[in-house]
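K.L.:
fold the following for me, if possible:
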Amino acid sequence: MKKTALITGASSGIGLELARIHAAIGGDLILVARSTEKLNELKIDLEAKYKIVAAVITKDLTAPNAAQKLYDEVKSLDIEVDYLINNAGFGGIGKFLERKLEEDVSMILLNVIALTQLTHLFTNDFVKKGNGKVLNVSSTASLIPGPLQATYYATKAFVTSFSNALSEELRGTGVTMTNLMPGATDTDFGKVSGMDRTKLFDNLTSAEHVAQEGYDAMLSGDIDVISGLTFSQKILMKLMPFMPKNMVLKQIREMQEVTK
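P.N.:
Coordinates of the predicted model:
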């Protein structure tokens with residue numbers, strides 16, 4: 001049976017690749033982002049290639065009541081959502097006290113508040129009908145504190161903890177919750193956040209690869225999937241729980257110093 005996926009942040013990066021993957025297997029889409037032009041281009045492309053139906057909803061999810069308005073708009077279109085993919089998010093580099101507070105507040109509104117609200121609204125529907133899947137795009141940043149990206153790392157720590165807890169609460173309902181934790185990925189995120197000028201972004205994984213691993217994990221109902229780490233990064237992640245915290249913090253900060 002054809003499934004409909006709602007994808008936030010669908011106009012670029014991992015979200016765009018998730019839309020392509022879902023459309024390629026015949027799934028319909030609700031594409032959500034701030035750029036109407038980019039969404040319409042994607043809609044035309046996917047409908048022509050895969051003979052699916054893609055609805056476009058332009059929405060700034062940092063705006064007041066944006067999540068509820070998005071949910072209400074989907075309801076007004078009489079579209080039943082089967083997969084909720086919370087992909088929209090952004091970061092920003094710099095010392096917390098030197099960054100503009102409104103930028104970090106907007107980051108929390110999108111990365112945490114909107115994701116939480118959309119999860120509550122759509123997952124309630126999934127539970128009522130006894131099936132559905134949620135994919136929340138977090139980050140490997142969720143596993144450690146992030147000097148020079150304090151707010152971003154903290155928002156992603158919330159996403160991972162929240163998603164993992166709900167995966168257990170949803171057990172037996174027919175609904176699954178999957179948490180995708182990408183490493184440094186080749187998307188617009190690096191340029192927008194400034195991370196492309198740091199050592200952390202020296203080795204990038206393609207957005208297509210990350211999206212495919214996340215999508216496959218969602219279909220399987222996995223709790224977590226880590227994607228896009230180099231071999232040395234995987235070793236480092238395994239060692240970090242055993243290292244003194246001040247050493248970990250210093251190392252993360254050095255990796256995020258602007259060097260380019």
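K.L.:
what mean pLDDT does the biggest helix by length in the chain get?
P.N.:
The residue-count maximum for a helix in the chain (DSSP state H) belongs to helix 150-169. Here helix 150-169 scores 98 as its mean pLDDT.
K.L.:
for it, which positions count as buried?
P.N.:
By neighbour count on 16 or more other Cβ atoms under 10 Å, the buried set for helix 150-169 is 150-160, 162-164, 166-167. To be clear about C-beta, it is placed using only N, CA and C from the backbone, and glycine gets the same treatment.
K.L.:
likewise for stretch 22-29?
P.N.:
Buried, per 16+ other Cβ under 10 Å, within stretch 22-29: His22, Ala23, Gly27, Asp28, Leu29.
K.L.:
for the longest helix of the chain, the distance to its chain's centre please.
P.N.:
Distance of helix 150-169 from the chain centroid (Cα atoms, centre = their mean, to the nearest Å) equals 11 Å.
K.L.:
give me the pLDDT value at Cys251.
P.N.:
Careful, residue 251 is Gln; it's not Cys. If you check Gln251, the pLDDT there is 81.
K.L.:
other SSEs contacting the longest helix of the chain?
P.N.:
helix 101-108, helix 115-129, strand 132-137, strand 175-182 (3 or more Cβ pairs under 8 Å, 6 or more residues apart in numbering; DSSP states H and E).
K.L.:
just the C-alphas of that helix, formatted as CSV.
P.N.:
Extracted in CSV, the C-alpha atoms of helix 150-169 (Å, rounded to 0.1, in the frame of the first residue of the first chain):
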residue,chain,number,x,y,z
ALA,A,150,26.6,24.8,22.9
THR,A,151,23.0,25.4,22.0
TYR,A,152,23.0,23.2,18.9
TYR,A,153,24.6,20.2,20.7
ALA,A,154,22.1,20.7,23.5
THR,A,155,19.1,20.7,21.2
LYS,A,156,20.3,17.5,19.5
ALA,A,157,20.9,15.9,22.9
PHE,A,158,17.2,16.6,23.6
VAL,A,159,16.2,15.0,20.2
THR,A,160,18.0,11.8,20.9
SER,A,161,16.9,11.5,24.5
PHE,A,162,13.3,12.4,23.6
SER,A,163,13.2,10.0,20.6
ASN,A,164,14.7,7.1,22.6
ALA,A,165,12.2,7.5,25.4
LEU,A,166,9.3,7.6,23.0
SER,A,167,10.5,4.5,21.2
GLU,A,168,9.9,2.6,24.5
GLU,A,169,6.6,4.3,25.3
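K.L.:
what's in contact with it?
P.N.:
89, 91-92, 96, 99, 104, 107-108, 111-112, 115-116, 119, 123, 134, 136-139, 141-146, 176-179, 181, 193, 223-224 (Cβ atoms under 8 Å, 6 or more residues apart in numbering).
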